[in-house]
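okay, predicted coordinates and the sequence, questions at the end:
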Amino acid sequence: MLSTAGNAQTAAVTVTAKRGDGIIVLLRRNGLDPGKYYKEFIRLNKKNISRKNGLYIGRKYVLPENQDKKATEVKAEPDSLENVKPEIEIPADSDTTEKEAPEPPKKVPPTPKVINEPLFGTKLAKVTVESDELKGAIYYLISGHGGPDPGALIKQGRKLVSEDEYAYDVNLRLARKLMAKGAKVYIIIQDPNDGIRDKRILEVDYDEVNYPKKKIPRSQRLRLKQRTESVNALFLRNSGGKVYQRLIVTHVDSRSVGEVIDVFFYHHERSKNGKRLAESIQETFKKKYARYQPNRKYSGTVASRSGLYVIRNTHPAMVYIELGNLKNTKDQKRILDYNNREALAKWISEGLIADFKKE
């Protein structure tokens, strides 16, 4: 709203401040250049503005005389602020140059989920979930032997090398990769103090336990029964066949010294999902060999073998993986070198992802 004050020779034009008004908005709306008249406006209205040069809604303010037109004619105020561009209020201690509006704050991506798993060791315990590729998938991982049964044994110089330590190390690496892709993972055979080890010779110990922290029996049948019951109880707790659940068993084979074997797979003879699971991992290995060892044909097989206790009695679709022949010097390179154990875990995980995507 406009009004005039004073005599006719020096009539002052006043306006009423509305919601959203600042000095710059008010001056521009009434045809006055803020860069030229800002300080004059403050001088005329210094008793009627805030410390930060803000305006009060409903109060009248005197407009500076327009020196360019030498007239008191001013623009009529709009009926609403719908078409008025908001301005940035200039602080009292700033210059009279209008400042640009700050950019809107950038959207901060959500903080990735971090899982803490002490079984991986101090340095690798925290697992960042990188993607949701395996969201909804549940895996049970059993590494062969453990506790009082170290599995196959050989000597490297004066040091003893056992099957269970290497199968367990591959299992831990595999578990970590699956977790990073959003899967839920149960490590059935556990060693509380080993962690993932980047060593060639893994020290033999006998302190492994069965999930959840149960002592592993000496009897082979009781050991197999114990881990089978653990998997089956978890399977039923996790909604049984209504949810994608898979069991992966890893072993290091023990054959004659001269026999070289490629990684091969077993499944239950009546399990279509188990066969598909094994074939998905096998196919991944074929592709990796073709890429990294083009001069060497991959010969790892997929076969049914329901005579093995764990294959015969566990509920989830499963794959039983033999990683190599511990007694053969060429296979030992695949198993003893931790870089190769890392590659084995990576390739298996990629095969598992491929199978999950087929579901």
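Great, that's in hand. Numbers count the residues shown, from 1 in each chain.

quick one: whichever strand or helix holds Lys225 to chain centroid distance?
Assigning secondary structure by DSSP states H and E places Lys225 in helix 220-237. In this view, helix 220-237 has its centroid 31 Å away from the chain centroid, taken as Cα atoms, centre = their mean, to the nearest Å.

which parts of that helix are buried?
Buried positions in helix 220-237, judged by neighbour count with 16 or more other Cβ atoms under 10 Å: 223-224, 226-228, 230-232, 234-235. Every C-beta, even on glycine, is put in place using the N, C-alpha and C of the backbone.

wait, doesn't Tyr186 sit right on Leu141?
Yes - at 7.0 Å, Tyr186 counts as touching Leu141 under the criterion of Cβ atoms under 8 Å.

among these two, which residue is more densely surrounded?
Neighbours around Tyr186 and Leu141, counted as other Cβ atoms under 10 Å, are more numerous at Leu141. The numbers are 24 against 20.

can you give me the helices for the stretch 51-200 of the chain?
163-180 (DSSP state H, counting those that start in this stretch).

low-confidence stretches in it?
Scanning the stretch 51-200 of the chain for pLDDT under 70 picks out 69-102.

go with 50
Applying pLDDT under 50 to the stretch 51-200 of the chain flags the ranges 71-99.

can you give me the domain boundaries for this protein?
What automatic domain parsing lists as the domains of the chain is 1-108, 114-358.

now, of those domains, which is deepest in the fold?
Counting by mean count of other Cβ atoms under 10 Å, domain 114-358 has the highest mean neighbour count of these, with a mean of 18.

run the chain-centre distance for that domain.
Its chain's C-alpha centre and that of domain 114-358 lie 23 Å apart, by Cα atoms, centre = their mean.

gap between the two ends of it?
27 Å (Cα to Cα, to the nearest Å).

contacting residues for Tyr168?
Tyr168 makes contact with 143, 146, 189, 191, 194, 208, according to Cβ atoms under 8 Å, 6 or more residues apart in numbering.

try 10 Å this time
If you count contacts by Cβ atoms under 10 Å, 6 or more residues apart in numbering, Tyr168 has them with 119, 141-146, 162, 187, 189-191, 194, 196-197, 202, 208, 250.

equivalent analysis for Gly182, please.
With Cβ under 10 Å, 6+ apart, Gly182 has these contacts: 113, 129-137.

mind putting these in TSV, distance to Leu55 included?
Formatted as TSV, the contacts of Gly182 follow (distance: Cβ to Cβ, whole Å):
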residue	distance to Leu55
Lys113	48
Val129	51
Glu130	52
Ser131	52
Asp132	51
Glu133	56
Leu134	59
Lys135	54
Gly136	57
Ala137	61
